[in-house]
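Visitor: Whatever this is, show me its structure:
(chains A and B)
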Amino acid sequence: MASALINVPARAKRGEVIEIKTLISHVMETGFRRTQLGAVIPRDIIRRFVCTYNGTEVFRAELHPAIAANPFIVFSTVAVESGTLVFSWTGDHGFSATETAAISVD
Amino acid sequence: MERPTSRRDFLKTAGGVAAGLGLGSVIAVAPARATPAEMQEAIRKVVGSARVTPGRVKLDLPPLIENGNAVPLTVTVESPMTEAQHVRAVHVFTEKNPQPNVVSFHLGPRAGRARVATRMRLADSQNVTAICELSDGSFWSDSAGIVVTLAACLEDGI
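Guide: Predicted structure coming up:
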C-alpha cells in the first residue's frame, strides 16, 4: 500500500492562502526502460491527482511519465471554512490512494 | 595483374565496415526522443489555435542539475486569482524527453495564489517550457534551459 505524506497547516485564518505539500511513494515506472534481457518494463505511473476541499475540487493535476518517482506536488488554496481536504491519486493498474487532512479556520 | 590485398587495405576496409555497423547499432539502440518539433505539436494540442505570448509566467528551474531523475521545478504566474481573473491551467513540456508532456495542473480562483511546484525527470540537457492558460482564454509561456549531468530514463533496468 502506498504511503502518502501531506503537509497542511492545522489552523488558518479565514481568507488566508495556505500552501499544501503532498508526497506519495510510487515508482512512476516510465515504460521506456528495459530489463537486461531487453524486455520493456511496462508503464506504471500515477496519472491523476485531485484535491477537494469540503467536496469542492480546488486542484487537479495530470501526471505523465516525466514526473519523478514519489510524486511531490506543492500547490495552494484559500482557507474558506473548517473542514476536510481529501487528496486522491489514481493511476495505472488500478492504483488508487486517498488521504485526508483536517483544517480549522477561524 | 591483380594486386593481392595488402594488410593495410584490408584493415582499412574492415575498419570502415565495423564503424558503419557500430554507428548503425548505436542509432538503433538510442531511445526514442521527442524533438523540439514534437514539443511544439504537443503545445498546439493543448492551446489549439490560440496565440502563446512569452511573459507573465515564471518557470524556476536550477541551471545545472546532477541527477536528472528528480529536478525541482516551480511555476509562478502573475495573477490576482479572483473569480474574474485567474489561472485555469499550467502545462509543462520538454524538448528531448521520450514524451514532450510533463504535467498539467488545473487551478482556479480557489487556489488563492498561482504557484505550483513538483519534481520532474529530464533525459538530457534541454529547454523546458511552461504554458499557462488564463481565465480570459489567453496563453502565456516561459522557457528555461537546464544542463543535466546524469540523465534519467537511460539507466539500466531491473
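
Visitor: where does the most centrally placed residue in chain A land on pLDDT?
Guide: Nearest to the mean C-alpha position of chain A, by Cα atoms, centre = their mean, lies A:Phe49 at 4.8 Å. Per-residue pLDDT puts A:Phe49 at 96.

Visitor: Nearest spatial neighbour of it, chain-adjacent residues omitted?
Guide: Spatial nearest neighbour of A:Phe49, chain neighbours left out: A:Ala61 (4.5 Å); criterion: Cβ to Cβ, 6 or more residues apart in numbering or on different chains. Backbone N, C-alpha and C define where each C-beta goes, glycine included.

Visitor: how about the residues of chain B near chain A?
Guide: B:31-32, B:69-71, B:74, B:94, B:97-99, B:101-108, B:110-113, B:115-122, B:152-153, B:155-158 (Cβ under 8 Å from any Cβ of the partner chain).

Visitor: Next, the buried residues of the longest strand along chain B.
Guide: Longest strand of chain B, by residue count under DSSP state E: strand B:139-150. Buried positions in strand B:139-150, judged by neighbour count with 16 or more other Cβ atoms under 10 Å in any protein chain shown: B:Phe139, B:Trp140, B:Ser141, B:Asp142, B:Ala144, B:Ile146, B:Val148.

Visitor: Can you give me the distance of the second one to B:Val87?
Guide: Distance from B:Trp140 to B:Val87, counting by Cβ to Cβ, to the nearest Å: 9 Å.

Visitor: ok, now A:Thr22?
Guide: Separation of A:Thr22 from B:Val87 (Cβ to Cβ): 19 Å.

Visitor: between the two, who's got more neighbours?
Guide: Counted by other Cβ atoms under 10 Å in any protein chain shown, A:Thr22 and B:Val87 do not tie: B:Val87 has more neighbours, with 29 against 24.

Visitor: thinking that one is in contact with B:Asp136, fair?
Guide: No. With contacts counted by Cβ atoms under 8 Å, B:Val87 stays clear of B:Asp136, the gap being 10.6 Å.

Visitor: Neighbours of residue 50, how many?
Guide: In the absence of a named chain, chain A is used. Around A:Val50 there are 16 other residues, counting by other Cβ under 10 Å.

Visitor: meant chain B, my bad for not saying
Guide: The number of residues packed near B:Ala50 is 12, by other Cβ under 10 Å.

Visitor: same deal with B:Val46?
Guide: By other Cβ under 10 Å, the residues close to B:Val46 number 16.

Visitor: Skipping its backbone neighbours, what lies nearest residue 92 in space?
Guide: Picked chain A for this. Nearest one to A:Asp92, counting by Cβ to Cβ, 6+ apart, is A:Asp44 at 5.0 Å.

Visitor: my question was about chain B
Guide: Using Cβ to Cβ, 6+ apart and skipping the chain neighbours, the partner closest in space to B:Val92 is B:Val102 (4.0 Å).

Visitor: Take whichever strand or helix holds the one you found, keep the C-alpha atoms, and write them as CSV.
Guide: Here B:Val102 sits within strand B:101-106, counting by DSSP states H and E. Extracted in CSV, the C-alpha atoms of strand B:101-106 (Å, rounded to 0.1, in the frame of the first residue of the first chain):
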residue,chain,number,x,y,z
ASN,B,101,4.3,16.3,-21.9
VAL,B,102,5.4,16.5,-18.2
VAL,B,103,2.4,17.6,-16.2
SER,B,104,-0.8,19.7,-16.4
PHE,B,105,-2.0,21.5,-13.3
HIS,B,106,-5.6,22.7,-13.2
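
Visitor: what mean pLDDT does the following helix or strand past it have?
Guide: Sequence order places strand B:115-120 as the next helix or strand after strand B:101-106, per DSSP H and E. Mean pLDDT, computed over strand B:115-120, is 95.
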